[in-house]
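Undergrad: Structure here, sequence nowhere to be found:
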């Protein structure tokens, strides 16, 4: 299929928009070519359902023992409640359709006149997933002149999936503007609330295609807005104002567990952006997401928000520090996290507002409080971020905040108690600071700590310890050990 076809598809198909007040109903016609092909079709059907795009009618789900399969096919093709019929075309389907063999042949006899006689010509959507030996698209003869969606290249799956989604919901990428008005489609959202997974897949595909920064930033914003809505919907609410402490604790725990798949997906998102997006400004989109989410801390029983947003923030910094993307790290550390929508807006609010904590659970009468450290450690289940990565990020955030001269004007970043989890390292320093023995690495990393050089770091740690009453000397010794301070920036 030529490269110009997707453009024709966007312009010429979907001239009759689908009524968005109802969920479109889609029937999938395909050939049982082999198990891999059947699995591909089933995955497409599940994706359309899970993403909220369409109510999919599929023989695997809807054709029951005892039913007449030919009557079922006929009803699906001519039923007016079916908005779209997806015709999945591979070599087997094309051959069976042309030779009128099997169920495909029966469907072809029904579809053929329907295609040519139907007023709504775009009800039938050919979806090509295979080319023949000459490189031509596998299409039955009666569909040869029809515009189709080309899924034959697996690397373009998500790009073509978006084309299919837009066709089904009647939201083409390009639409004819009204005369005399500026086209608005470039600034409009997709028009349908899709799952976070679909949003993330679309973002990844756009980054892989080398799409412009503005477009990628918009897709990332879309993804984070849906994630923000999910978080907002996790407010701890009780019908009675006299809810027991046990009930509150249970809801907080459940909320944290329910969010785990979304957290893993967010980690995937940041890891992908860190690897493939080359404009550091993209992280400003994520930083704004965290600013907006500070309003969630104002809600009652907000332990779930303090923990989950703290966890997301810590993972974000852990990924960027591990990948040595220190300019991106500064995007999250330098700005204020004041929120103009917060009536008690604090102009001194720093990133420390996202330190993982659970203030209500710490006072839990049940005595079953599990430390934030333990919860974080138990929830490390992705190969993209390790416990050591979290240790590194937490201590870096703590040191930067600890030596800050205006620390007493805002809530501090209270480091997690990592004792016992990494003191097996030799020497017993934070793993990150084994790397800062290198002069070149330390010079790059110094900006994360907001120091000029190692002498400046030593001086500011000493000054910070002097401001403490009683325990200053012990804390100074502790930091010198954790930083492996005598060996910083000693290897050229």
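TA: Nice, thanks for sending it over. Every value quoted in this text rests on a predicted model; they were computed, and no experiment measured them.
Undergrad: Model confidence score at residue 340, please.
TA: For residue 340, the pLDDT comes out at 63.
Undergrad: do the same with residue 471
TA: On pLDDT, residue 471 comes in at 59.
Undergrad: Could you give the number of residues near the closest residue to residue 379 other than its chain neighbours?
TA: In space, residue 379 comes closest to residue 260 once its chain neighbours are excluded; the distance is 6.7 Å by Cβ to Cβ, 6 or more residues apart in numbering. Every residue, glycine included, has its C-beta placed from N, CA and C. Neighbourhood size, residue 260 [other Cβ atoms under 10 Å]: 13.
Undergrad: isn't residue 401 right up against residue 412?
TA: Yes - if you go by Cβ atoms under 8 Å, residue 401 and residue 412 touch, sitting 5.7 Å apart.
Undergrad: Who has more neighbours out of the two?
TA: Neighbours were counted for residue 401 and for residue 412 using other Cβ under 10 Å; residue 401 has more, 23 against 14.
Undergrad: The helix or strand where that one lies - contacts with which helices or strands?
TA: For residue 401, the element it lies in under DSSP states H and E is helix 387-402. When contacts are defined as 3 or more Cβ pairs under 8 Å, 6 or more residues apart in numbering; DSSP states H and E, helix 387-402 sits against helix 303-322, helix 432-435, helix 439-449, helix 454-466.
Undergrad: The same query, at a cut-off of 7 Å, please.
TA: If contacts are counted by 3 or more Cβ pairs under 7 Å, 6 or more residues apart in numbering; DSSP states H and E, helix 387-402 sits against helix 303-322, helix 432-435, helix 439-449.
Undergrad: Save those helices as JSON lines, and put in mean neighbour count, distance to residue 91 and mean pLDDT too.
TA: Below are those laid out as JSON lines (neighbours: other Cβ atoms under 10 Å; distance: least, Cβ to Cβ, whole Å; pLDDT from 0 to 100):
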{"stretch": "helix 303-322", "mean neighbour count": "23", "distance to residue 91": "43", "mean pLDDT": "95"}
{"stretch": "helix 432-435", "mean neighbour count": "18", "distance to residue 91": "54", "mean pLDDT": "78"}
{"stretch": "helix 439-449", "mean neighbour count": "17", "distance to residue 91": "55", "mean pLDDT": "92"}
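Undergrad: Switch those helices over to JSON lines; also include distance to residue 42.
TA: Putting the helices and strands packed on helix 387-402 into JSON lines (distance: least, Cβ to Cβ, whole Å) gives the following:
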{"stretch": "helix 303-322", "distance to residue 42": "33"}
{"stretch": "helix 432-435", "distance to residue 42": "45"}
{"stretch": "helix 439-449", "distance to residue 42": "47"}
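Undergrad: Quick one, which of the ones you listed gets closest to residue 405.
TA: Nearest to residue 405 among these is helix 439-449 (13.6 Å), distances taken as Cβ to Cβ.
Undergrad: contact partners of the closest one?
TA: 324, 326, 329-330, 396, 399-400, 435-436, 452-454, 457, 488-489, 491-492 (Cβ atoms under 7 Å, 6 or more residues apart in numbering).
Undergrad: same thing with stretch 261-281?
TA: With contacts defined as Cβ under 7 Å, 6+ apart, stretch 261-281 is touched by 196-197, 200, 204, 207, 213, 216, 223, 227, 230, 282, 311-312, 315-316, 319-320, 323, 325, 327-328, 331, 382, 384-385.
Undergrad: tell me the contacts of the nearest residue to residue 335 once chain neighbours are set aside?
TA: Closest residue to residue 335 apart from its sequence neighbours, by Cβ to Cβ, 6+ apart: residue 287 at 6.7 Å. If you count contacts by Cβ under 7 Å, 6+ apart, residue 287 has them with 331, 332, 335.
Undergrad: got a markdown table for the residues you listed, with pLDDT too?
TA: Output for the contacts of residue 287, formatted as a markdown table (pLDDT from 0 to 100):
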| residue | pLDDT |
| --- | --- |
| 331 | 95 |
| 332 | 96 |
| 335 | 75 |
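Undergrad: any chance of those residues in TSV, with distance to residue 304 and neighbour count too?
TA: Putting these into TSV (distance: Cβ to Cβ, whole Å; neighbours: other Cβ atoms under 10 Å) gives the following:
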residue	distance to residue 304	neighbour count
331	26	19
332	22	20
335	25	16
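Undergrad: Of these, which belong to helices?
TA: In this view, these that belong to helices under DSSP state H are 331, 332.
Undergrad: Looking at the contacts of residue 287, which is nearest residue 135?
TA: Proximity of the contacts of residue 287 to residue 135 (Cβ to Cβ) peaks at residue 331, which lies at 46.3 Å.
Undergrad: Just give the nearest non-adjacent residue to that closest one, would you?
TA: residue 283 (4.3 Å).
Undergrad: Measure how the helix or strand containing that neighbour sits relative to helix 303-322, angle-wise.
TA: Secondary structure assignment for residue 283, by DSSP H and E: helix 282-293. For helix 282-293 against helix 303-322, the angle by axes from the mean of the first three to the mean of the last three Cα atoms, to 10 degrees is 160 degrees.
Undergrad: one step back: roughly how far does the residue nearest to residue 379 sit from residue 381?
TA: Residue 260 sits 8 Å away from residue 381, going by Cβ to Cβ, to the nearest Å.
Undergrad: Over to residue 337?
TA: Residue 337 is 28 Å from residue 381, where distance means Cβ to Cβ.
Undergrad: Please apply the same query to residue 412.
TA: When distance is defined by Cβ to Cβ, residue 412 is 29 Å away from residue 381.
Undergrad: Next: residue 310.
TA: 17 Å.
Undergrad: Quick check: the residue nearest to residue 335 vs residue 281, distance?
TA: For residue 287, the distance to residue 281 equals 10 Å [Cβ to Cβ].
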